[in-house]
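Novice: Sequence and predicted structure below; questions after.
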Amino acid sequence: MNEVIGTHSQEGNLVHDRLSIPRQKIEKQAPTDRVNNFDETYMSMTMDAAIVEAARCIDCPSAPCMDACPVHNDIPSALKMLENDDVLGAASKFRETSTLPEMCGRLCPQEILCEGACVVGFALRTDGSKHPPVAIGRLEAFITDEERKITNKFPVRFVGPTTNRRVAIIGSGPAGLTVAEELQVRGHMCTIFDRWPEAGGVLRYGIPNFKMNKEILEEKLASLREIGVEFKNSVEIGTDVTLEALRNKYGFDSIFLGNGAGIGNLLKTEGEDLTHVYQATDFLVRGNLDDFELPEDQRGLPFVGDDVVVVGGGDTSMDCVRTAVRLGAKNVTCVYRRTENEMLGRTEERVHAREEGVIFSYLTTPTRFISDEEGKVVSVELVQMELSEPDDSGRRRPVQIEDSEYTISASAVVIAIGYNADSDLGESSEVETDNWGLIQVDSRTGQTNIPYIFAGGDVVNGADLVVTAIADGKRAATWVHQYLLSLGVKDSVD
């Protein structure tokens, strides 16, 4: 690779040589192919391309990419190892700080995190040209994928001597899985409870297969079982068992709440309860998962018909439109009340959706859903919007344009306008929440108002990123560990 990278032995030319390397092309399935399958959109990099892409890193002393990463991955060190053909070392470097690097490499919005801070992306070059930042996310996924190919499984961490202390973890999403792993290797005995039939939380029930192959999740879960983590599924906290019972009846010494933000917001629009009007989660799980992974009342593919309308402007709405295409809808329209500039989701997801034929209708919002005589949705009445002048906060509100109503056909509608925290822990729960239902914790430790209960992830922050949930999980695990050590080592399990 030296003939591509340049003469790195000459320190004075090093940065110039690296900045002159073009970003390597990362192949994707052709849109005409991928709309007919649920395989991942991105294809794996080749080793040669990955090494050249890693060589674009200029190893800047301040490493702003590390600061921008919520778990502070040592990205320059990992990429240097890859450049030197040490894939296993690079993977180990990522795993020092992240419990789920394969998933973060695929799912993180790197453009506003590590890659958004990458100096290579805004460095001044002698010819005045600009190049994109290093493809950190795709390299993170490549490195850890290659590690698993070489070793034939997820790495299994060493487990320390048992303390005989037991931890109940509510929710098997990224925060819960991280807490379980970090505490299990410290010698504590972890059991994860989840209301869904299978483990994985948002990683299974919120992420479509075309963004992340579920085999990755299954392998991760297998590695956790191998170190002794137990999983109890189809258990509703507050209904099937209370937090008090976990503590007083079943003998858990500490509890971590990581049950996410899976309650979909409602439009509160006429006709929202019609047949074939879906909430985003219901539509996605039924469209992307097998029946055995779902509760009985959510089994079977959702009906799409010819014309699907998705309401919303975030990543979830992109997941919905792209799923609708793959389920056979001929016309898929995304309706959003602001402009594309205000959309919160990833640009690349909108690009993928457009490539797959999705139509975007901006500055538009539904006023009612119209049914046939059988109560099935057949059309949507929409109204056009315009953005107001900025208010005191600088925000421009969408305002309805008078007499701008029009109607479009809709055989199915999906509401994807955000999520609220899933913090209903039963009537007897004394865990404090705020006005939005978010669990209140000490920001340093993740501890709630009840000393033995900790919390983290979306149930604390609101709907957020996989990587911020991991960061919360790692931080909380540190303090749960300290709390358990303060109790002393048990001679045996009760």
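Specialist: It's in. Nothing here was measured: the structure is a model prediction, and the numbers come from that model.
Novice: hang on, Glu146 in a strand?
Specialist: No. Judged by DSSP: H, G, I helix; E, B strand; the rest coil, Glu146 forms no part of a strand; its state is helix.
Novice: distance of it from Lys232?
Specialist: Distance of Glu146 to Lys232, computed by CB to CB, to the nearest Å: 34 Å. Quick note: C-beta positions are derived from backbone N, CA and C, even for glycine.
Novice: Name the residue in those two with the higher neighbour count.
Specialist: Glu146 (19 against 15; other CB atoms under 10 Å).
Novice: Now do the contacts for that one.
Specialist: Met47, Val87, Ala91 (CB atoms under 8 Å, 6 or more residues apart in numbering).
Novice: Among those residues, which one is most surrounded by other residues?
Specialist: Highest count within those by other CB under 10 Å belongs to Ala91, 25 neighbours.
Novice: quick one, what contacts it?
Specialist: Residues near Ala91 by CB under 8 Å, 6+ apart: Ala78, Pro101, Ile143, Thr144, Glu146, Glu147, Pro155.
Novice: Could you find the closest non-adjacent residue to it?
Specialist: Counting by CB to CB, 6 or more residues apart in numbering, Glu147 is the residue found nearest to Ala91 once chain neighbours are left out, at 3.7 Å.
Novice: ok, that neighbour - contacts?
Specialist: Glu147 makes contacts with Val87, Leu88, Ala91, Pro155, as judged by CB under 8 Å, 6+ apart.
Novice: So which bits of stretch 46-63 are buried?
Specialist: Ala49, Ala50, Ile51, Val52, Glu53, Ala54, Ala55, Arg56, Cys57, Ile58, Ala63 (16 or more other CB atoms under 10 Å).
Novice: Save the residues you listed as TSV, and put in pLDDT and secondary structure too.
Specialist: Shown next, in TSV, are these (pLDDT from 0 to 100; DSSP: H, G, I helix; E, B strand; the rest coil):
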residue	pLDDT	secondary structure
Ala49	97	helix
Ala50	97	helix
Ile51	97	helix
Val52	97	helix
Glu53	97	helix
Ala54	97	helix
Ala55	96	coil
Arg56	96	coil
Cys57	96	coil
Ile58	94	coil
Ala63	95	coil
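Novice: okay if I get those as CSV plus distance to Thr151?
Specialist: Converted to CSV, those look like this (distance: CB to CB, whole Å):
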residue, distance to Thr151
Ala49, 22
Ala50, 18
Ile51, 20
Val52, 24
Glu53, 23
Ala54, 20
Ala55, 25
Arg56, 27
Cys57, 25
Ile58, 31
Ala63, 28
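Novice: Check the residues you listed and tell me the two furthest apart.
Specialist: Using CB to CB, these span at most 23.4 Å, a distance reached by Ala49 and Ala63.
Novice: Surely Val308 is within a strand?
Specialist: Yes. Applying three-state DSSP, one finds Val308 inside a strand.
Novice: Now do the same for it: its pLDDT.
Specialist: At Val308, the pLDDT value in this model is 98.
Novice: isn't it right up against Arg322?
Specialist: No. Contact between Val308 and Arg322 fails when scored by CB atoms under 8 Å: they sit 10.9 Å apart.
Novice: neighbour count winner among the two?
Specialist: Higher neighbour count among Val308 and Arg322: Val308, with 30 against 27, using other CB under 10 Å.
Novice: Tell me which residues touch that one, please.
Specialist: Contacts of Val308 (CB under 8 Å, 6+ apart): Val321, Ala324, Ala329, Asn331, Val332, Thr333, Ala410, Ser411, Ala412, Val413, Val414.
Novice: hey, where'd the helices end up in the stretch 151-300 of the chain?
Specialist: For the stretch 151-300 of the chain, helices defined by DSSP state H, counting those that start in this stretch occupy the ranges 174-184, 202-205, 214-226, 243-248, 280-288.
Novice: Using JSON lines, lay out these together with mean pLDDT.
Specialist: Shown next, in JSON lines, are these (pLDDT from 0 to 100):
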{"stretch": "helix 174-184", "mean pLDDT": "98"}
{"stretch": "helix 202-205", "mean pLDDT": "96"}
{"stretch": "helix 214-226", "mean pLDDT": "96"}
{"stretch": "helix 243-248", "mean pLDDT": "95"}
{"stretch": "helix 280-288", "mean pLDDT": "96"}
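Novice: out of those, deepest packed?
Specialist: helix 174-184 (a mean of 28; mean count of other CB atoms under 10 Å).
Novice: my guess is Glu111 is in a strand, correct?
Specialist: No. Secondary structure assignment (three-state DSSP) places Glu111 in helix, not in a strand.
Novice: before we move on, the earlier item: which among the contacts of Val308 gets closest to Leu274?
Specialist: Nearest to Leu274, judged by CB to CB, of the contacts of Val308 is Val413 at 7.9 Å.
Novice: Pairing partners for whichever strand or helix holds that closest one, with directions?
Specialist: Element membership for Val413 (DSSP states H and E) is strand 412-415. Strand 412-415 sits in its sheet next to strand 277-279 (parallel), strand 307-311 (parallel), going by DSSP bridges.
Novice: Can you check which of the ones you listed gets nearest to Cys69?
Specialist: That would be, of the strands paired with strand 412-415 and by CB to CB, strand 307-311, which comes in at 31.0 Å.
Novice: Now the element after the closest one, going C-ward?
Specialist: Following strand 307-311 toward the C-terminus (DSSP H and E): helix 315-326.
Novice: Run through this structure and note the low-pLDDT ranges.
Specialist: The model of the chain has pLDDT under 70 over residues 1-13, 427-428, 493-494.
Novice: For the residue nearest to Ala280 when sequence neighbours are not counted, give its distance to Phe369.
Specialist: Once flanking residues are discounted, Ala280 sits nearest to Ala416: 3.9 Å by CB to CB, 6+ apart. Distance, Ala416 to Phe369, by CB to CB: 15 Å.
Novice: Among the two, which residue is more densely surrounded?
Specialist: Set side by side, Ala416 and Phe369 show more neighbours around Ala416, with 27 against 24, by other CB under 10 Å.
Novice: now the residue nearest to Leu438 when sequence neighbours are not counted: how far from Gly314?
Specialist: Excluding the flanking residues, the one nearest Leu438 by CB to CB, 6+ apart is Ala421, at 5.0 Å. Using CB to CB, Ala421 is found at 16 Å from Gly314.
Novice: Just the CA trace of stretch 206-214, in PDB.
Specialist: Output of stretch 206-214 as PDB, limited to C-alpha atoms (Å, rounded to 0.1, in the frame of the first residue of the first chain):
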ATOM      1  CA  GLY A 206     -36.300  -1.000  15.900                       C
ATOM      2  CA  ILE A 207     -33.600  -1.600  13.300                       C
ATOM      3  CA  PRO A 208     -34.500  -3.000   9.900                       C
ATOM      4  CA  ASN A 209     -32.400  -5.800   8.400                       C
ATOM      5  CA  PHE A 210     -31.300  -3.600   5.500                       C
ATOM      6  CA  LYS A 211     -29.400  -1.400   8.000                       C
ATOM      7  CA  MET A 212     -28.000  -4.300  10.200                       C
ATOM      8  CA  ASN A 213     -28.100  -8.000   9.600                       C
ATOM      9  CA  LYS A 214     -29.600  -9.600  12.700                       C
END
